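> Give me a 3D structure for the following:
(chains A and B)
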There are 2 protein chains.
Amino acid sequence: MNAEIIAVGSELLLGQIANTNAQFISKGLADIGVNVFYHSVAGDNQNRLSSVIQTAMSRSDLIIFTGGLGPTKDDLTKETIAKLFQKELVHDEAALQYITNYFVQTNREMTPNNKKQALIIEGSTVLPNDNGMAPGMAFTHRNITCILLPGPPSEMRPMFNNYVIPYLYSKMDVQTKFHSRVLRFFGIGESVLETKLQDLIEKQSNPTIAPLASEHEVTIRLTAAHPSETEAKRLLDEVEQEVLSRTGSYFYGYDDETLENQTFDLLRNNQLTIASAESLTGGLFSKIITDFPGSSSVYQGGAVVYSNALKQSMLKVPHTLITDHGVVSSQCAEWMAEEIRSQTEADIGISFTGVAGPEAQEDKPTGTVFIGISIHDQTHSFSLKLAGTRKAIRERTVKHGFRYLNQLVKEGQ
Amino acid sequence: MNAEIIAVGSELLLGQIANTNAQFISKGLADIGVNVFYHSVAGDNQNRLSSVIQTAMSRSDLIIFTGGLGPTKDDLTKETIAKLFQKELVHDEAALQYITNYFVQTNREMTPNNKKQALIIEGSTVLPNDNGMAPGMAFTHRNITCILLPGPPSEMRPMFNNYVIPYLYSKMDVQTKFHSRVLRFFGIGESVLETKLQDLIEKQSNPTIAPLASEHEVTIRLTAAHPSETEAKRLLDEVEQEVLSRTGSYFYGYDDETLENQTFDLLRNNQLTIASAESLTGGLFSKIITDFPGSSSVYQGGAVVYSNALKQSMLKVPHTLITDHGVVSSQCAEWMAEEIRSQTEADIGISFTGVAGPEAQEDKPTGTVFIGISIHDQTHSFSLKLAGTRKAIRERTVKHGFRYLNQLVKEGQ
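The predicted structure follows:
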C-alpha cells in the first residue's frame, strides 16, 4: 500500500501552524509497514484542492486527508472528494444525533450549518469522533482508499489510533502485519549507540532496527513482520536481548515511558517523598516533578538557591565549604541534598549545582555539574561535564538527576 | 508571485520530524505578501522527486526547496532540479574554499564526497551558509524562480532571513512592498478580541488585520502595502491606535517580545532583584526566569512550598492563617510574598498559591489561583479563576504573574 497524506487548510500555508498531523500519521503508517511517498498541503480553495487530489489519485492507493470537515463554508474537503469520485453526500443519522446531543448538553443553540458536519460520503465507513463533532470517514473506490480525518490534533490522533489503524488492518493482507517495540536510552549519544550496533543494523531485515535521537535521548525502534503475534514477539525479544547485551547500561524503558514518569511512579509506588535544592537548574526539577497530577504525595517542595547568599542563608552552606571547594563542587552538592532532606523531613533530598553558562564560574567551565542525592542514610554525588547551550545543559542536568535517582531507588529496593 | 514549498527528505515521510521549515518559510513569505498555494514533501528518490518538481513547475512561479543539499548519495535535490531545467552543476570556488577551511579549522579530514556540497547549478546566485557547509542557491529560468535551501532549521532560517528575503525583494515590483507589525496581548481571549475589533476586521484592506491565538496569548498582525516605508508606518500607526483604543489594557508588546523577557529586562534595567515562593506552579516561575542568561543579577532564588508543612516550616505561614483562610487564599499569597522577600532581602517577592487540579483543594475548585507581589513596601494580591488543564493553569498562572509584575514595576517607575 503506497500512501499519501493531504492536509487541507489555509492556516498551514500561512505558516500559522506546522503540519504535525502529517508527522503523526506518517509515524503510525510506518509502524504498520505502509509506505508514505508524499505529503501535500492545499488551502481552502476548491480548484487547487481538486488538482492536488487528482495528482494523488494518479499515484497513490491510500490517500489520508486531514482538515476541512468543519461546519463553515471554508470547509470543503468532503465536498471536493465526493465530486471527484462522483459520489453523493448523505446525512448520517448517528452523527447528526451526536451533534444535536452535544448542543443540548452544552446548553448552546445549534446553528443550521452544524448539520453540515453530519454529512458523509455515500457508502463510507463512519469513524467516530470521540473528542469533537465532525466524524471521520473511510471508503474504497476503484482500488483507491480514502480516509478523511478532522484537522485538530486532539480529535485526529485518537481517531487515527482507535479507528483508522483497525480499518487499515482489515484491508491489509494478514501476512504483512507489523509489530513494533521502542527501546529507550539515556546517557549515550546516537552515533556511539549506532557504532555499538553497526553490524546488527547492517544485517537487519526482520526485525528492522531504527535508531533515532530525540530530546537528549536515543530510541531504537524494532519492527517485526509476522502473521503470528507470538512469533513476532519472539523475534523482537531475540534482537532486544542482543541490543541490550551491548548497550543495556543506558537502557531505561519501553515505548512511551519517560525517565521522568518512570522515576515518579517508582517513588510513588515505594511511598518515598522527595525534596529538592536547585542552583543552576533554577526550579526545573521541581517544575517537572510537579507536572504530574498527584505529585503532592511524592514531592514536598524545596529551595531554589540561585545566589550564593541564599545557599548560605536558606541551606546553611558553611562559608568555609565555599572558600575551600566553591559552590560548584561535590561537597556543596552533598551538603545541599542533606540539608534540604533534613529541613523538609523528606525521604530523599536531591540537589543540583553547576555552571549553565554562558559564563564560567569559580574558574569552572560551562557544563561542569554536580548532583547530590541523599537517600537511605547515605549521600551520593555525581559529577558531569556537559556540552551544549545553557538550555540543553539545564535540561540534561535534570534528566541525569532522574536517572541517578532511578538507579539509587531501584538499588535500595 | 505564487509560491510552493517542496521539502525533500525521507525522514519527513517516516514521521521522524515535522515539516517546520515549510511553516517558517510560509510565515516569512506571508510577511512580504507572497502567496503560498502548496506545500509538498518528497523522499530521497529521484523519480518521485522529479514528478513533484514537474507538477510545481506547471503551477507555481516561485519554488522554494529545503533539504537534500548534503554530501551523501541520498542528497539529490540540486541534481534533480538541474536535470529538469537542463542546467549543469559547476564547482563554486568560494564555497569549496569555505568547506576546505572548515575541515582545516576543525582538524578533521575532508572526504571527497564533501566536495559535492560546493557544486551549484550554473548561473545561480550563491546564498552563503553562515551556520553550516552546504550553500544555498537561487536562479530564475523561464519565469520560474527556484531557491534551494539546506534542511537543518539552524542553517535554513538565517539563510532565509538574511539572503532569501533580500533576493525576493530584488525580484519584486517595488510597488508591492509589505510592512508588518505584530501587536501582542495577554489576558484576553481570541474571540473576545475579535468581537471588539469586528468592524475593523471586516472593513480591513490596507493594512490588513489578522488575529491569531497562541500559547495563552493573542497576537494581531498588521500588514501594510505601500512603496514608501514612511507612509506604510503611518498606516500601521493609525490602525494600531484604533486597535489599542479598544483593547489597550491587554496589550503588552510588539513583534518577538514576550511578556517574560520584557519583564526580565524591566527588572534588570531598574536594578531590581526578585525572589519567589511557589506552591501550585512548583518552580515554573523560577525555571522561566533562570532561562535567561545573566539571570543571577536579577533572580536570587526562592522556595517551592508544595506541601502545607513546608509552607509553615520554610515560610512560617501561621497555623491560624491556614485554619482561618486556607493556603489557597489572598492572605496566604501575601504572607508568602512578604516572607520570601524578607528572607532573601530581595527588592521584590512574588508568590503563587492555588489549585492546579485535577482535584479540588480546601473546597476551592480547580483553577482558583492567588498571586502575591511584595514591592515598594506594599503587598498586593491578585485573584484568578482559570480554566483548562493542569498544565494550562500552571502556565497561565505564571504568565499572569509576569503581567502583574510588569504593571507594578512600571507604575513604580
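> Would you mind giving the secondary structure of A:Cys146?
strand (DSSP: H, G, I helix; E, B strand; the rest coil).
> Pull the contacting residues for it.
Applying CB atoms under 8 Å, 6 or more residues apart in numbering or on different chains, we find A:Cys146 in contact with A:63-65, A:81, A:85, A:138-140. (Each C-beta comes from the backbone N, C-alpha and C, glycine too.)
> bridging residues for it?
A:Ile63, A:Phe139 (DSSP bridges).
> distance of it from A:Phe139?
6 Å (CB to CB, to the nearest Å).
> Quickly list what's touching both of the two.
In contact with both A:Cys146 and A:Phe139: A:Phe85, using CB under 8 Å, 6+ apart.
> coming back round to it: let me have the contacts of A:Cys146 in JSON lines, extended by neighbour count and pLDDT.
Shown next, in JSON lines, are those (neighbours: other CB atoms under 10 Å in any protein chain shown; pLDDT from 0 to 100):
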{"residue": "A:Ile63", "neighbour count": "22", "pLDDT": "98"}
{"residue": "A:Ile64", "neighbour count": "31", "pLDDT": "98"}
{"residue": "A:Phe65", "neighbour count": "29", "pLDDT": "98"}
{"residue": "A:Ile81", "neighbour count": "27", "pLDDT": "97"}
{"residue": "A:Phe85", "neighbour count": "17", "pLDDT": "96"}
{"residue": "A:Ala138", "neighbour count": "21", "pLDDT": "97"}
{"residue": "A:Phe139", "neighbour count": "18", "pLDDT": "97"}
{"residue": "A:Thr140", "neighbour count": "15", "pLDDT": "95"}
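> just those now: which is nearest chain B?
Nearest to chain B, judged by CB to the nearest CB, of those is A:Ile64 at 12.3 Å.
> how near is A:Pro207 to chain B?
The gap separating A:Pro207 from chain B is 16 Å, by CB to the nearest CB, to the nearest Å.
> quick one: average pLDDT of stretch A:86-105?
The average pLDDT for stretch A:86-105 rounds to 88.
> Show me how far it is from its chain's centre.
33 Å (CA atoms, centre = their mean, to the nearest Å).
> Residues contacting it, please?
Contacts of stretch A:86-105 (CB under 8 Å, 6+ apart): A:78-79, A:81-82, A:109-110, A:114-115, A:117-123, A:126, A:128, A:133, A:135, A:139, A:141.
> May I see the buried residues of that stretch?
Applying a neighbour-count criterion of 16 or more other CB atoms under 10 Å in any protein chain shown, one finds A:87, A:89, A:92, A:95-96, A:98-99 buried in stretch A:86-105.
> Among those, which are located in helices?
A:95-96, A:98-99 (DSSP state H).
> Please identify which of the residues you listed is nearest to chain B.
A:Ile99 (20.6 Å).
> Now that closest one: closest residue in space that isn't a chain neighbour?
A:Met133 (5.2 Å; CB to CB, 6 or more residues apart in numbering or on different chains).
> mind checking the backbone torsions on that neighbour?
phi -100, psi -40 (degrees, to the nearest 10).
> Contact partners for it?
A:71, A:98-99, A:102, A:114, A:117.
> Tell me which stretches of the stretch 101-250 of chain A form strands.
Listed in chain order, the strands of the stretch 101-250 of chain A (DSSP state E, counting those that start in this stretch) span A:119-121, A:125-127, A:136-141, A:144-149, A:178-186, A:208-214, A:217-225.
> Mind telling me which of the ones you listed the model trusts least?
Minimum mean pLDDT among those: strand A:208-214, a mean of 78.
> Show me which of the contacts of A:Cys146 is closest to A:Leu284.
Nearest to A:Leu284 among the contacts of A:Cys146: A:Ile64, at 38.0 Å, using CB to CB.
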